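Engineer: turn this into a model:
(one chain, ligands or ions: 2)
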Amino acid sequence: MKIIAVANQKGGVGKTTTTVNLAACLAEAGRNVLVIDLDPQANASSSLGVPVVDGRSLFGILTEEEGTRSLAEQIQPTPWDRLSVITAELDLAGCEIQLAADAHRLTRLRRVLDNYRASQPATEFILLDCPPSLGVLMTNALAAADSVLVPLQCEYLALEGLAKILEMIERIKQVSGNTSLALEGVVLTMYDARTNLSHEVVNSVRGHLGNKVFETIIPRSVRLGEAPSHGKTILAYDSSGAGAQSYRELAREFLNRQG
Ligand SMILES: Nc1ncnc2c1ncn2[C@@H]1O[C@H](COP(=O)(O)OP(=O)(O)OP(=O)(O)O)[C@@H](O)[C@H]1O
Ligand SMILES: [Mg+2]
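Structural biologist: Ligands and ions are numbered 1, 2, ... in the order given. The predicted structure follows:
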């Protein structure tokens, strides 16, 4: 079982789109995948067509609420084979306050996921969809993950953003004691082949990080933007389009890199 945090403290760069569609493509390729939605906005949950319901999230587990469901009991099926989800809810935002005074607050998710791993579940990959803020939820995700996947939008100042996220990953590695946290890779998103800027961003990010940047580039695609409002992954919404093809390609590359 491998736990991958999909993180970037910048908002709107394609974290949720990448989490949901990479997960869907890994499931299509025969893998057992669990998405954990750690963003109180619950975009990953609704993108997977699973309703957001009070009490169905990691809130109770993270705040060690009395009589709360276990992690395994929080897992819900999605309409797609081999793809399940732990949904988010607005209450998750309360973790920031509830956990503020707790010395173990950074590693709570890690302890819960370690227990889950020890139960030898069929799950092969867990994708953690992180919120854009640099708070307790994102810290818990990075403290619990084996690796971090960074979606990076092909836009002006992308390199500055990249430097910031890499620096932040290093900091969280130190404070949470998760020193083996690896960089799974950087995925370039919302690429527009018609602009010089997109080319320049790809070249400069590759120049800095070399093979840590996935070969696969996710194009800007209207369909990718539309699919969530239908509660569908891109495979269900527009299976043969460019967006679906790019995420399938990303999943293939991701699996090849696992060796
Ligand atoms: N490749 C793409 N082409 C077109 N639209 C996209 C693409 N990727 C994401 N989008 C759209 O851009 C918006 C932001 O994407 P997404 O929600 O995945 O980003 P995020 O990093 O998860 O945002 P947040 O930080 O708010 O959680 C969404 O409306 C999404 O549908
Ligand atoms: Mg998101």
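Engineer: what lies in contact with stretch 195-208?
Structural biologist: Residues outside stretch 195-208 that contact it (Cβ atoms under 8 Å, 6 or more residues apart in numbering) are 152, 154-156, 158-159, 162, 186, 188, 191-192, 213, 217. The C-beta positions use only the backbone N, C-alpha and C, and glycine is treated the same way.
Engineer: do the same with stretch 53-62
Structural biologist: 36-38, 65, 68-71, 74, 76, 86-89, 91-92, 94-95, 98-99, 108-109, 112, 140.
Engineer: still on that earlier bit, closest to Y247 out of the contacts of stretch 195-208?
Structural biologist: I217 (11.3 Å; Cβ to Cβ).
Engineer: name the strands paired with the helix or strand that closest one falls within and say parallel or antiparallel.
Structural biologist: Element membership for I217 (DSSP states H and E) is strand 213-219. Note on strand 213-219: by DSSP bridges, its sheet partners are strand 182-191 (parallel).
Engineer: between the following helix or strand past the partner strand and strand 182-191, how big is the angle?
Structural biologist: Downstream of strand 182-191, the first helix or strand assigned by DSSP H and E is helix 196-209. Orientation of helix 196-209 against strand 182-191 (axes from the mean of the first three to the mean of the last three Cα atoms, to 10 degrees) gives an angle of 170 degrees.
Engineer: list the contacts of the closest residue to ligand 1 within the stretch 51-200 of the chain.
Structural biologist: Closest residue of the stretch 51-200 of the chain to ligand 1, Cβ to the nearest ligand atom: P132 (3.4 Å). By Cβ under 8 Å, 6+ apart, the contact set of P132 is N8, Q9, K10, G11, G12, K15, D39.
Engineer: any weak-confidence spans in the stretch 51-200 of the chain?
Structural biologist: Along the stretch 51-200 of the chain, no part satisfies pLDDT under 70.
Engineer: contact residues of it facing ligand 1?
Structural biologist: P132, T189, M190 (Cβ under 6 Å from any ligand atom).
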